[in-house]
Structure formats: C-alpha cells, structure tokens
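Trainee: sequence first, predicted coordinates after that:
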Amino acid sequence: MQKGIKFRIYPNKGQKAFIHQTLGCCRFIYNRGLAMCKEGYEKGEKIGYGQTSAMLTELKKQEEFAFLKEVDSIALQQSLRDLDRGFVNFFQKRASHPTFKSKHNHFQSYRTVNQKDNIRIVGRYIKLPKLGYVKVRQSMEVGNIHHVTIEHTPSGKYFAVLNVESEPEPRPNQGGTIGIDVGIKTFYSDSNGNTVANPKYLERSMRKLVREQRRLSRREKGSHNRDKQRIRVAKVHEKVTNQRNDFLQKQSTMLVCENQTICIEDLHVKGMIRNHKLAKSIASVSWAKFFEMLEYKAVWYGNEIRKVPTMYPSSQTCSSCGYRNPLVKNLRIRIWECPGCHAVHDRDTNAGINILKKGLQLQSA
C-alpha cells in the first residue's frame, strides 16, 4: 500500500524563489486549463486532459510564455491532472465545481513525480527535480518514493509530502473490544468506564489568538507589517493544529494497540456543525479526523472498526435492561436512573456500552 510522510524542508534563498516560481506557473496553467474547459462547455464541447495538455505544449512554444520551460514540466502536467480529477469528482458528486486558484491564498502546493530516481533522500538532504539538494528534517525511514508534494504554508514554512510504498505488518494487540462515545466536555467515554478529557487546544489559545487578530486588523492593508502580523496569526493556528493532531494520533494508536474490535458511532459531523451554537466546539474537538485515523490504522494493523447507525439511541437506552428513556434526549441530563430496573447510569459510559453491544450485534449479523 501507499502512504504519505511529511517532512519539513529548509530551502535556501534561491530555492525558495524557484519554489514560488513553480507555484505561480502551476497556478497559471491550472487557471488557463479551467478557463478552456469553461469555454468548451459553453460551446457544447467536452474538454479533457488531452486537450489541456496540448494547450500547455503550444504555450511553451510561444516566446511570451518561455518562463514555463524554466520550471519542472512534470509539475505543470500534474496541475492539469488535478484539474481533470476535480471535474471527475464534481460530476460524480464527490466535490464542488473546480474554481480558479488565487495567488492571495497563503497555502500553495505543487506535485511532481519520481522518474529515474530523481527524487531521493541523501543524508540530511532530499534531491528534488530542478531544485537540487534541499535540507530536510527526516523523522523516519522511507521506502520507494512515487511522488512528492511541495507545500508552502501560511506560516511561511516549507514541507515535502512524500508518497511512499509501505507494507504495514499486523501488530499484536490485547484482543479487547470497546465501544466509544465521543463528546465535547469529555473527548470520549468508553464501555469500560474510562473517560478522556477534551484538551480544548483552541479554547486555551483563544486569548492569544484574539490579541494577535486584533493587532492584524489594525495594520494597513498591503503593508509589510501586516504581512508579518498575518504570519504571527498563522503560527497560532498552526500550533493548535499540531497539538490537536498529536493528541488524536496518540489516542487512536493507543486504542488500536489495546483492542481488536472498536465500535464507534457513524456521525454526520458536517450536518452537526450546522448547529451554530455547537459548531465551534465540534470543529475544535475534531471527531471526523479521529474516526478517520482509527479507520486507516485498523486497515494497517488488522483491527476491526464497527460503525453503529447514526440514529441509534445509545444515550437513551438502558444498558442493563434495554428500556428507552426519551427524557435523556436533553443534553443537560448527565446521570439518570432507569425507570425499569432502577440502575443508575452515567450518560456517556452507558452510551459507550450500548455502542459496543450494537456493534457486536452488527458484527455477528
């Protein structure tokens, strides 16, 4: 299988200039191809990768576009392939219609393919097409590299995302089964009665973020000081993202290492975020990313992920006798007594037990 590995790179001044030149050329070709597709649609013609690729070849022959020959040709072709993939996803209703790229977007990237071993790691450097040897901070060993994506982030940092071959071996685990009920106050409660607190990284950084945002709003638009302040704001957001990702990685790895079967809720997070009162808290806790990590790590290491239907009343059902108490639908009720068997339940732990039971029923069905 293939997976992505992200390393930070440290290009010199000349390499930075070339990276931005390549980003600009890729953006220009992408927008040119998108305009060509729109014109063809208005005329009733279907424009695909073949036509846009031929357009790129013709542009390179013209003297006014000679700058396109200076950058990596594969990166330009890949930008057109991205455009073609964007239209495929749009027509298959997996994504919105492709839009024009802007140079004012502070996150930019381009992708190039490894051909004849022109992308490889040599010591403390990574060799990239046209760029040569760039200093890299390598944190793990890599296998055969298929392609690499060069990213420039809003905080001004540069990264290389390597797509490499990987053969993960199933890890021995304790063979347990567990049900997970995610929440906002507590990140999750499991069927064993354990709870993991929500670290609330965004909320804890909110005071600093508000201060930096206020300073940014006072800077004159287009000034150098405003750009420096924008980077300070981006660094606050980046730190929150890194803290959250580190937390999610550790929690998902721990669950996969300790359990063979993990039962979770099939939540429609995108729909839940439409609740304007809870949207910020739901986005901050990042359930969708947590579930995604559990799923791909389960594939890597031979675990099972069982999804319980969205509308299953896990919090309202008594885990002892099965009685359904509709009053528990109120989120303010955290501890309740079952009218049927008089068992006292913690709302989240009871939900975790019910999710586990339902998941195992789905497994045996």
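Mentor: Yep, it's here.
Trainee: what sits against I150?
Mentor: Residues in contact with I150, defined by CB atoms under 8 Å, 6 or more residues apart in numbering, are 9, 19, 22, 109-112, 128, 158-161. To be clear about C-beta, it is placed using only N, CA and C from the backbone, and glycine gets the same treatment.
Trainee: mind giving me the ChimeraX select for the residues you listed, buried ones only?
Mentor: Filtering the contacts of I150 down to the buried ones (16 or more other CB atoms under 10 Å) takes a single ChimeraX command:
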select :9,19,22,110,111,112,128,158,159,160
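Trainee: any chance of the contacts of I150 in CSV, plus secondary structure and distance to A35?
Mentor: Converted to CSV, the contacts of I150 look like this (DSSP: H, G, I helix; E, B strand; the rest coil; distance: CB to CB, whole Å):
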residue, secondary structure, distance to A35
I9, strand, 32
I19, helix, 25
T22, helix, 20
S109, strand, 21
Y110, strand, 19
R111, strand, 21
T112, strand, 24
L128, strand, 29
Y158, strand, 29
F159, strand, 30
A160, strand, 30
V161, strand, 28
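Trainee: any chance of the contacts of I150 in a markdown table, with distance to N173 and pLDDT too?
Mentor: Shown next, in a markdown table, are the contacts of I150 (distance: CB to CB, whole Å; pLDDT from 0 to 100):
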| residue | distance to N173 | pLDDT |
| --- | --- | --- |
| I9 | 35 | 96 |
| I19 | 42 | 97 |
| T22 | 44 | 96 |
| S109 | 36 | 96 |
| Y110 | 40 | 96 |
| R111 | 35 | 95 |
| T112 | 38 | 95 |
| L128 | 39 | 95 |
| Y158 | 37 | 97 |
| F159 | 32 | 97 |
| A160 | 32 | 96 |
| V161 | 29 | 96 |
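Trainee: same list (the contacts of I150) but as a markdown table, adding distance to S320.
Mentor: Shown next, in a markdown table, are the contacts of I150 (distance: CB to CB, whole Å):
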| residue | distance to S320 |
| --- | --- |
| I9 | 56 |
| I19 | 61 |
| T22 | 63 |
| S109 | 53 |
| Y110 | 58 |
| R111 | 54 |
| T112 | 59 |
| L128 | 61 |
| Y158 | 56 |
| F159 | 51 |
| A160 | 54 |
| V161 | 49 |
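Trainee: N242: which of the contacts of I150 is nearest?
Mentor: Set against N242, the nearest of those by CB to CB is F159 (12.2 Å).
Trainee: quick check: that closest one vs N303, distance?
Mentor: From F159 across to N303, the span is 29 Å (CB to CB, to the nearest Å).
Trainee: what does N173 give?
Mentor: Separation of N173 from N303 (CB to CB): 7 Å.
Trainee: and those two? which has more neighbours close in?
Mentor: Between N173 and N303, counting by other CB atoms under 10 Å, N303 is the more crowded of the two (20 against 16).
Trainee: these two touch, right, the more buried one and I262?
Mentor: Yes. N303 lies in contact with I262 (CB atoms under 8 Å); the separation is 6.6 Å.
Trainee: need the residues touching each of these two.
Mentor: Shared contacts of N303 and I262 (CB under 8 Å, 6+ apart): V256.
Trainee: now do the shared contacts for N173 and N303.
Mentor: With CB under 8 Å, 6+ apart, N173 and N303 have common neighbours 256, 259-260.
Trainee: the stretch 1-150 of the chain: helices as residue ranges?
Mentor: Along the stretch 1-150 of the chain, counting by DSSP state H, counting those that start in this stretch, helices occupy 13-42, 49-61, 73-91.
Trainee: give me the phi and psi for H106.
Mentor: Backbone torsions for H106, taken as degrees, to the nearest 10, come to phi -80, psi 0.
Trainee: neighbours of the residue nearest to it when sequence neighbours are not counted, how many?
Mentor: Of all residues beyond its chain neighbours, the one nearest H106 is P154 (3.8 Å), with distances taken as CB to CB, 6 or more residues apart in numbering. By other CB under 10 Å, 16 other residues sit near P154.
Trainee: contact partners for P154?
Mentor: Neighbouring residues of P154 by CB under 8 Å, 6+ apart: 106-107, 230-231, 234, 237-238.
Trainee: re the thing from before, from the contacts of I150, pick the one nearest K358.
Mentor: Comparing the contacts of I150 against K358 with CB to CB places V161 closest, at 37.7 Å.
Trainee: buried residues in the helix ranked longest in the chain?
Mentor: With secondary structure taken from DSSP state H, the chain has its longest helix at helix 224-258. Under the neighbour-count criterion of 16+ other CB under 10 Å, helix 224-258 has 226, 229-231, 233-236, 238, 240, 244, 247-248, 251-252, 255-256 buried.
Trainee: Provide the strand pairings for the following helix or strand past it, with the direction of each partner.
Mentor: Using DSSP states H and E, the helix or strand that follows helix 224-258 in sequence is strand 259-265. Applying DSSP bridges, strand 259-265 is found paired with strand 176-182 (parallel), strand 304-308 (parallel).
Trainee: can you list contacts of whichever helix or strand comes after strand 259-265?
Mentor: Remark: after strand 259-265, the chain's next helix or strand is helix 269-272, criterion DSSP H and E. Applying CB under 8 Å, 6+ apart, the contact partners of helix 269-272 are 278, 282, 287-288.
Trainee: filter these down to the buried ones and hand me the ChimeraX line.
Mentor: To isolate the buried members of those in ChimeraX, using 16+ other CB under 10 Å:
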select :282,287,288
